[in-house]
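# Pasting the sequence and the predicted coordinates here, then a few questions.
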Amino acid sequence: LSVEPVIIEAAKVQAGQTFEVVCRNQGEEEIHLRLSLALFDQDEMGSVVFLEDAEAVQKARDVLLLDLEELSLEPKGKETVEVRLGGDDFDHLYAVLFIQSNEPGVQIRFAVLFLLSTAGNQADVSVVASRHHQQVLRFTVENGGRRHGPWEGELHLFGSAGQLGEKLPLTSGLVLAGRSRSVEVSLPGWVERVEIVSPQTGRSP
């Protein structure tokens with residue numbers, strides 16, 4: 001079984017907009033699948049955390065509408081699942097479509113992540129804390145904007161004589177709107193001081 005895409009990302013979304021997910025059976029036997037919705041979040045290190053409690057499931061189902069909740073795939077067959085946006089009364093929505101085999105034995109579950117925003121502006125991600133200890137730099141970035149996005153900037157690495165030895169481009173990875181995440185970087189042994197340089201906010205020693 002294959003599912004694509006596994007991430008659907010869209011800004012300026014509007015009610016009635018549709019998204020398509022293609023499921024393919026690459027095997028020699030018929031597969032029965034069950035579809036369901038939930039929400040997701042991220043932990044402090046940026047990993048995806050699924051929210052499958054009743055309230056989260058209901059919120060996802062209130063906004064995203066499935067054209068079907070069960071399907072069968074013939075051998076070598078494919079099916080396109082259509083997901084429609086039922087409303088746009090939100091700044092951002094982080095939902096997940098689960099596609100799970102409905103067969104006895106080992107269960108296979110795919111997760112298709114929806115990162116949707118009604119806003120057109122970019123994410124507002126900035127560095128809010130940092131700590132340099134020995135050869136490890138750990139800093140926290142926070143997204144105060146209305147849509148998801150990464151923090152991007154540079155690390156300026158200084159040696160014992162105070163000279164700038166290297167500029168290191170860096171990105172945090174995705175930060176959901178209203179969330180923060182930690183970033184950890186291993187530094188060369190000669191580094192004595194680090195400056196975090198962001199195009200938006202300048203230097204953060």
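Received the coordinates, thanks.
# Quick check: the closest residue to Q42 other than its chain neighbours vs F40, distance?
In space, Q42 comes closest to L176 once its chain neighbours are excluded; the distance is 5.5 Å by C-beta to C-beta, 6 or more residues apart in numbering. Heads up, the C-betas are built off the backbone N, CA and C, glycines and all. As for L176, its distance to F40 is 9 Å (criterion: C-beta to C-beta, to the nearest Å).
# Report the backbone C-alpha coordinates of stretch 117-132 in PDB.
Provided in PDB are the C-alpha atoms of stretch 117-132 (Å, rounded to 0.1, in the frame of the first residue of the first chain):
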ATOM      1  CA  SER A 117      -3.800  28.500   7.200                       C
ATOM      2  CA  THR A 118      -6.300  31.100   6.200                       C
ATOM      3  CA  ALA A 119      -3.500  33.700   6.500                       C
ATOM      4  CA  GLY A 120      -1.300  34.800   3.600                       C
ATOM      5  CA  ASN A 121       1.500  36.300   5.700                       C
ATOM      6  CA  GLN A 122       4.600  34.500   6.600                       C
ATOM      7  CA  ALA A 123       5.400  32.800   9.900                       C
ATOM      8  CA  ASP A 124       6.800  35.100  12.600                       C
ATOM      9  CA  VAL A 125       9.500  32.900  14.100                       C
ATOM     10  CA  SER A 126      12.200  34.300  16.500                       C
ATOM     11  CA  VAL A 127      14.800  33.100  18.900                       C
ATOM     12  CA  VAL A 128      13.600  33.600  22.500                       C
ATOM     13  CA  ALA A 129      16.300  31.800  24.500                       C
ATOM     14  CA  SER A 130      19.700  30.200  24.000                       C
ATOM     15  CA  ARG A 131      22.300  28.400  26.000                       C
ATOM     16  CA  HIS A 132      25.900  27.600  25.000                       C
END
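# Flag every buried residue along that stretch.
Applying a neighbour-count criterion of 16 or more other C-beta atoms under 10 Å, the buried positions in stretch 117-132 are 117-119, 123-127, 130, 132.
# Ok, stretch 58-69 next?
For stretch 58-69, burial by neighbour count (16+ other C-beta under 10 Å) applies to 59-60, 63-64, 66.
# what's the answer for stretch 64-84, then?
64, 66, 71, 73, 81, 83.
# distance of the second one from V3?
In other words, L66. Separation of L66 from V3 (C-beta to C-beta) stands at 14 Å.
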